[in-house]
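Trainee: I need the structure of the sequence given here:
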Amino acid sequence: MLTGNIAAWKKNEGDSVAPGDILAEVETDKATIEWEAQEEGFLAKILKAAGSKDIPVGEPVALLVEEQEDVSKFKDYTPGQESSSSSSRKPATAAEEQPAKQEEAAPAASTSSATYPNHEVLKMPALSPTMSQGNIVSWQKKVGDTVSPGDVLCEVETDKATIAWEAQEEGYLATILLPDGSKDVAVGTPAAVIVEEKDQVSAFKNYKPEDAAGKPAPKQAASAPPPPPPSRSQAEAEAKPPKEGVAVLEAQPPTPGPAAAKPLPTPKPGDRIIASPYAKKLAADAGVSLEGVQGSGPNSRIVAADVEQLIASGGGKPAPADAAVPAAGSGKAAAPEGGYTDVQLNQIKRVTAQRLLDSKLTIPHYYLTTECELDRLLEAREALNVSLAGTAKLSVNDFIVKAAALSCKKVPAVNASWMGDFIRQYHNIDINVAVASPAGLMVPFVPGADRKGLLAISEEVKALAGKAKQGKLQPHEFMGGTFTISNLGMYGIKQFAAIVNPPQAAILAVGAALPKVLEVEEGEFAEVQVMNVTLSCDHRVVDGAVGAEWMKAFKQYIENPLLMMV
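Mentor: Numbers count the residues shown, from 1 in each chain. The predicted structure is shown next:
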């Protein structure tokens, strides 16, 4: 992506913004993608209206401020207004002089780059919506090989699965900057170089990652005409730092980070801690101190993402109030006698751990449990399997998926997501099924499960589970879903409570089928098969009464399976 179009703004000027909120829908060269906020604050000014076309990556499109009362100050703001007035008011500060110094040093820094032929730097792409880094498993192309659109360049282990990275341009692979086995490569990091002509490959024999860092990927260089000068708004936005407390939102590709960020000064002990209120709350809840934490927000401000990363990494000193208690997961405790084995985390397990932590920290869970009699369902299943005569075999889980889908259709408020300042109810009902794989927990989904028969659901779940265990799931098979089922019944687990799978509002935990003696009629007892199920709900989306209605509907479908056929 080099340019994009603003399809629609989802926030208005003056609206509050929290990390994860959808700011706008951006039409890229591939699809229309939701642009999520990384900072909290208030939207002070929209610089590029809905419908704006061909906005270059890096162009300022909006302004965020920290305090709501500052919004009105930007009512008549236009790009370049601040710099024109401030230039006559005071001499340039060190921060303002820095671009000039960089321009003076540029010829020396780019001397080697200028000798390279026209080329394109390929950067680590975001191959899933939640991917912030990945691992290079193996390159499928070698230096000097021909590359065509659709060719697989290499296999990348993302936070979800191992996915093929396909080429978008044609040319020749001039150099590989990240060898096989490279770990924790941030999205946007230069990975390889492509040139137009084969005889240009040898010129990149000594090309290094630093030659690509901080420079645009140029297909416009030596033989191409010089690029047009930047617009006044763009030039002044680049040359001037924004006011303190104001964040300039720039158009950006759907990748969460620059290729190479300049290191910021590390805070010293005793320095004043500058952090957002939400970041401070997360730190207090987790019992960690923000002292010495380097923030990624404006002016090195600590934001929620910094705290979440700190918690996930097991870092951070215990908060002062808990100074005598070792921080959980800090890794500082003495190892027990007898030794131990450290199990390295792959990308899937690392991101799953982070998402589960985020879910428990930010989603107000509550739990509803009910008991379902299974005798009629087991009889129906046996009869259907006899009718299928060995061509297929339905499982109890297939009935559970169908019953959950129909329950979501009957109580649509559960088939929804929390979107910050509104609740989104989905018209499609796509049921995720948790699958344990050697690489970690995967949750592929059955699309439109409410409209499918039991046999179709059975075949699809078996196929998805097989792919998950082999690490062959494709993005369209796991990137989505509106409701999740986690079934541990096959392990003999009687009952458990699952963690909500964000951004969904509920997840159903299914226990084992166990015999139980019940009074079927007055004075008459019989042994029946029962199953405990627990619904974990996001209380922001699903009220207790609504969750109870969903459980009532699910129980009816399970205990009267013929209702699923109506």
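
Trainee: and for the residue nearest to Val541 when sequence neighbours are not counted, the neighbour number?
Mentor: Distances taken as CB to CB, 6 or more residues apart in numbering place Ala505 nearest to Val541, at 3.8 Å, with adjacent residues excluded. Heads up, the C-betas are built off the backbone N, CA and C, glycines and all. By other CB atoms under 10 Å, the residues close to Ala505 number 29.

Trainee: now the strands for the stretch 401-550 of the chain?
Mentor: 416-418, 423-425, 431-433, 435-437, 440-442, 445-446, 483-487, 506-521, 524-538 (DSSP state E, counting those that start in this stretch).

Trainee: deepest of those, which one?
Mentor: Of the strands of the stretch 401-550 of the chain, the one with the most neighbours on average (mean count of other CB atoms under 10 Å) is strand 431-433, at a mean of 26.

Trainee: partner strands of that strand, parallel or antiparallel?
Mentor: Partners of strand 431-433 in the sheet, by DSSP bridges, are strand 445-446 (antiparallel), strand 483-487 (parallel).

Trainee: quick check: mean pLDDT of the shortest one?
Mentor: This points to strand 445-446. Averaging pLDDT along strand 445-446 yields 95.

Trainee: distance between it and the chain's centre?
Mentor: Offset of strand 445-446 from its chain centre (CA atoms, centre = their mean, to the nearest Å): 19 Å.

Trainee: which other residues reach that strand?
Mentor: Contact with strand 445-446 is made by 401, 405, 430-433, 452, 457, 460-461, 464, 477-478, 480-481, as judged by CB atoms under 8 Å, 6 or more residues apart in numbering.

Trainee: which of those residues lies closest to Leu378?
Mentor: Closest approach between those and Leu378, by CB to CB: Val401, at 16.3 Å.

Trainee: okay, the closest one: pLDDT?
Mentor: 96.

Trainee: also the one 4 residues further on?
Mentor: Reported pLDDT at Ala405 in the predicted model: 96.

Trainee: that one contacts Asn428, correct?
Mentor: No - look at Ala405 against Asn428 with CB atoms under 8 Å: they stay out of range, at 10.3 Å.

Trainee: which one of the two has more residues nearby?
Mentor: Ala405 (26 against 14).

Trainee: list the contacts of that one.
Mentor: For Ala405, the contact set (CB under 8 Å, 6+ apart) comprises Ile429, Ile431, Val446, Ala449, Asp450, Phe483.

Trainee: next up, the contacts around the first one.
Mentor: By that I understand Ile429. With contact set as CB under 8 Å, 6+ apart, Ile429 has these partners: Ala405, Cys408, Lys409, Asn415, Gly448, Ala449, Asp450, Thr482, Phe483.

Trainee: which residues of this structure fall in helices?
Mentor: Counting by DSSP state H, the chain has helices at residues 81-87, 94-109, 111-114, 209-212, 232-239, 277-286, 304-312, 347-362, 375-388, 396-410, 454-470, 475-478, 544-559.

Trainee: export those to TSV and append columns for distance to Gly14.
Mentor: Shown next, in TSV, are the helices of the chain (distance: least, CB to CB, whole Å):
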stretch	distance to Gly14
helix 81-87	19
helix 94-109	29
helix 111-114	44
helix 209-212	40
helix 232-239	22
helix 277-286	19
helix 304-312	22
helix 347-362	24
helix 375-388	53
helix 396-410	35
helix 454-470	44
helix 475-478	36
helix 544-559	31
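
Trainee: of those, which stretch is the most buried?
Mentor: helix 396-410 (a mean of 23).

Trainee: before we move on, back to that, what's the pLDDT at the residue nearest to Val541?
Mentor: Per-residue pLDDT puts Ala505 at 95.

Trainee: if I look at it, how far off is Trp550?
Mentor: Plainly put, Ala505 is 10 Å away from Trp550 if you go by CB to CB, to the nearest Å.

Trainee: now do the shared contacts for those two.
Mentor: Shared contacts of Ala505 and Trp550 (CB under 8 Å, 6+ apart): Val414, Val542.

Trainee: which one of the contacts of Ala405 is nearest Glu157?
Mentor: So of these, ranked by how close each gets to Glu157 (CB to CB), first place is Val446, at 25.1 Å.

Trainee: tell me where the model's unsure across the stretch 51-200 of the chain.
Mentor: For the stretch 51-200 of the chain, the stretches with pLDDT under 70 are 80-114, 128-130, 160.

Trainee: no further questions, thank you.
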